[in-house]
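# how would this look folded up:
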Amino acid sequence: MDKKVISNDILFAAVKDLVDEGRSVTIRPKGDSMLPFIRSDRDDVTLERVTSPLSVGDIVLFRYNGKYVLHRIYSIRKDGMTLMGDGNLKGQEHCSESDVIGIVTTITKENGRKVKPGKARLWMALKPLRRWLLAIYRRI
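Predicted coordinates for the structure are as follows:
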């Protein structure tokens, strides 16, 4: 199969259109911000339209400062939500629900196994220890 490289703006505009139509879309994320749950260039995520209220722990694709980001929701308030990557040690994004393109409903691992994403409450609570946990994970 030939590979074709297209810009994120074109790709994610098409993803948004398909998700808005009610179709599910599978993409392969790049970057380590969602380690250890989603691995760059190995795992695929399936996105769908948000049909029920978002909750803390959901993984969503959203637009932030002109970029498309796939991160977990850490808090929800009336004026928006705070998100952060599972593999990030610091730095959070803030957006409104209208910035969300879709929610991750399935993670397909490299071996083809399909996993329903959990809320990762324990992982979120272990944020102060994340530096060491991720260091160990990267060495395995």
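
# show the average pLDDT along the lengthiest helix in the chain.
Counting by DSSP state H, the longest helix found in the chain is helix 8-20. For helix 8-20, the mean pLDDT works out to 94.

# same deal with stretch 115-123?
95.

# same thing with stretch 77-97?
Stretch 77-97 carries an average pLDDT of 95.

# in it, what's buried?
For stretch 77-97, the neighbour count (16 or more other C-beta atoms under 10 Å) marks 81, 83-88, 93, 95 as buried. Where C-beta positions appear, they are placed from N, C-alpha and C, glycine not excepted.

# and for stretch 99-114?
Within stretch 99-114, the residues that count as buried by 16+ other C-beta under 10 Å are 99-105, 107-108.

# where strands are concerned, which of the buried residues of stretch 77-97 count?
If you go by DSSP state E, the buried residues of stretch 77-97 have 81, 83-84, 93, 95 in strands.

# which one of those residues is nearest V19?
C95 (16.1 Å; C-beta to C-beta).

# that closest one touches G80, doesn't it?
Yes - between C95 and G80 there is a contact under C-beta atoms under 8 Å: 5.9 Å.

# grab the nearest non-local neighbour of K30.
S40 (5.2 Å; C-beta to C-beta, 6 or more residues apart in numbering).

# phi first, then psi, for the one you found.
When quoted as degrees, to the nearest 10, the phi and psi of S40 stand at phi -60, psi 140.

# assign I6 to helix, strand or coil.
At I6 the chain is in coil, as set by DSSP: H, G, I helix; E, B strand; the rest coil.

# what about it, neighbour count?
8 (other C-beta atoms under 10 Å).

# that one and A14: what is the separation?
9 Å (C-beta to C-beta, to the nearest Å).

# again with E97
21 Å.

# what of R23?
Distance, R23 to A14, using C-beta to C-beta: 11 Å.
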